[in-house]
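Trainee: Take a look and give me a structure for this.
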Amino acid sequence: MSKGKAPWLVPLLAGLLVLIVLVWGFLKSGPSYVQVGGWAPDFTLPLLDGGEMCLKELHGQVVVLNFWASWCSPCRLEARVLEQVWKEYGGEVTFVGIAHNDVPQRARAFVQRHGVTYPNGLDARGEIARAYGLTGVPETFVIDREGLVHAHHVGAIIEADALVSMIEEALNASP
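Mentor: Purely as a prediction, here's the structure:
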């Protein structure tokens with residue numbers, strides 16, 4: 001083959017290489033989302049007030065997992081609702097907040113400003129968000145005692161009744 005006879009060959013090979021890398025990356029990482037009824041991916045979350053929390057250590061409890069960010073206006077609206085429901089359930093249900101795409105100082109200030117008392121941490125590298133297939137903030141997952149995702153809510157929860165309903169269903173569904 002003489003030079004210049006196949007100008008399409010180099011772009012074709014480059015495109016094929018890119019396609020192979022993308023497919024390999026997708027297959028290696030596996031699914032990047034969870035579905036209602038599927039297992040909740042385990043994670044270890046560095047908490048904003050120090051220490052860390054591991055989801056597998058909460059097995060046997062109903063868990064409300066809320067992804068939020070200090071820069072998110074809808075997150076500000078739902079913060080009081082989440083805190084209110086957290087207080088209503090006391091130790092019966094575990095709430096965990098995960099600050100996504102945020103700065104530690106701003107996340108801490110958000111928690112303090114909105115009076116959030118349940119554990120919150122920072123997903124600094126976005127690994128937890130990827131595992132859950134986060135599409136944006138806020139998003140909330142309710143995980144049952146068996147570790148299955150019982151409910152998934154995209155957007156702000158501005159009515160306590162909506163969250164209470166999801167929690168009650170998870171409590172009643174779990175042994």
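Trainee: and the residue most central in space within the chain, what is it in contact with?
Mentor: Centroid-nearest residue in the chain: Ala129, 4.4 Å away (criterion: C-alpha atoms, centre = their mean). Residues near Ala129 by C-beta atoms under 8 Å, 6 or more residues apart in numbering: Phe67, Ile98, His100, Asn101, Asp123. Quick note: C-beta positions are derived from backbone N, CA and C, even for glycine.
Trainee: Check whether it sits in a helix, strand or coil.
Mentor: Counting by DSSP: H, G, I helix; E, B strand; the rest coil, the backbone at Ala129 sits in helix.
Trainee: Which SSE is immediately downstream of the helix-or-strand element of the chain with minimal mean pLDDT?
Mentor: The weakest-scoring helix or strand in the chain, judged by mean pLDDT, DSSP states H and E, is helix 9-29 (a mean of 54). Next helix or strand after helix 9-29 toward the C-terminus (DSSP states H and E): strand 44-46.
Trainee: Tell me the neighbouring strands of that following strand, and mark each as parallel or antiparallel.
Mentor: In the sheet, strand 44-46 lines up against strand 52-54 (antiparallel) (DSSP bridges).
Trainee: For the helix or strand following the partner strand, name the packing helices and strands.
Mentor: Next along the chain after strand 52-54, taking DSSP H and E as the criterion, comes strand 62-68. With contacts taken as 3 or more C-beta pairs under 8 Å, 6 or more residues apart in numbering; DSSP states H and E, strand 62-68 sits against helix 73-89, strand 93-100, helix 127-132, strand 139-143, helix 160-173.
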